[in-house]
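>>> can you look at this prediction? I've put the sequence above it.
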Amino acid sequence: MSTSKEETRVRLFEAARKLLIKGGFHHVKLEDIAEAAGVSRQAVYKSHFASKSELLLELVRYVHVAENLDELTRSYFAAQSGRDMLREAIRSLVLIEARVHDIAMALSAAALSDAGALAALQDRLMVKRGALRDAIARVEAEGELDPDFEPEEAVDLLDALLSIDTYQKLVSDRGWEPERLIRRVWEFAERLLLRAPAPRKRSRARV
């Protein structure tokens with residue numbers, strides 16, 4: 001991709017993010033985005049995106065790179081145990097949501113009636129659920145998952161606690177700090193989903 005075309009796409013993404021957050025998916029036209037980015041409507045359709053839905057799908061991927069979300073997952077991939085991996089999954093998913101919640105809300109609303117928006121949302125949610133599933137699978141393999149829970153059931157509960165709607169209600173509406181949400185979800189997971197750590201054996205004192 002040429003530098004000029006790449007720069008144009010970035011302008012379109014930035015304009016789309018601002019307009020979609022402000023006006024909502026259904027109240028913003030592709031030509032509105034083009035005008036805000038200083039690009040002709042014809043050029044957008046011809047060289048960049050065939051539809052607003054296609055732009056939205058690419059916008060989600062652009063935001064991932066622009067917000068450098070991969071930096072938030074390093075501790076997750078470097079975890080030395082399933083318990084640590086699950087804790088870092090919870091932490092990274094909340095911090096990622098904090099960076100992209102604006103576009104996530106717009107995407108969630110648009111997904112109710114637009115197939116392209118739904119595809120973009122499902123793509124994002126699939127990655128999120130996959131991170132939780134991998135962590136729970138490792139917890140189970142290490143014998144740390146409470147036997148009262150099936151792995152997929154544990155994933156369902158955590159997925160719900162880390163949803164876009166939960167973040168909106170607790171952080172945006174109720175004023176929780178993201179760190180508080182991280183702490184409370186981890187406490188829930190540790191107490192309900194994981195086996196209690198085995199007590200340490202006391203060493204016998206030498207006579």
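Right, received. Where do you want to start? Numbers count the residues shown, from 1 in each chain.
>>> output the below-cut-off pLDDT ranges for the chain.
For the chain, the stretches flagged by pLDDT under 70 are 1-2, 46-47, 197-207.
>>> contacting residues around residue 151?
133, 136, 137, 140, 145 (CB atoms under 8 Å, 6 or more residues apart in numbering). All C-beta spots, glycine's among them, are computed from the backbone N, C-alpha and C.
>>> tell me which two of the residues you listed sit farthest apart.
133 and 145 (12.2 Å; CB to CB).
>>> how's the protein carved up into domains?
Residue ranges for the domains of the chain, per automatic domain parsing: 3-63, 69-193.
>>> coming back round to it: quick one: which of residue 133 and residue 145 has more around it?
residue 145 (22 against 17; other CB atoms under 10 Å).
>>> measure that one to residue 190 for me?
In this view, residue 145 and residue 190 are 12 Å apart by CB to CB, to the nearest Å.
>>> check residue 183 too.
For residue 183 relative to residue 190 (CB to CB), the value is 10 Å.
>>> what lies in contact with the host helix or strand of residue 183?
Taking DSSP states H and E as the criterion, residue 183 maps to helix 178-188. Identification of contacts with helix 178-188 by CB under 8 Å, 6+ apart yields 87, 90-91, 94-95, 97-98, 158, 161-162, 166-167, 170-171.
>>> stretch 59-78: which residues count as buried?
59, 60, 62, 63, 64, 69, 72, 73, 76 (16 or more other CB atoms under 10 Å).
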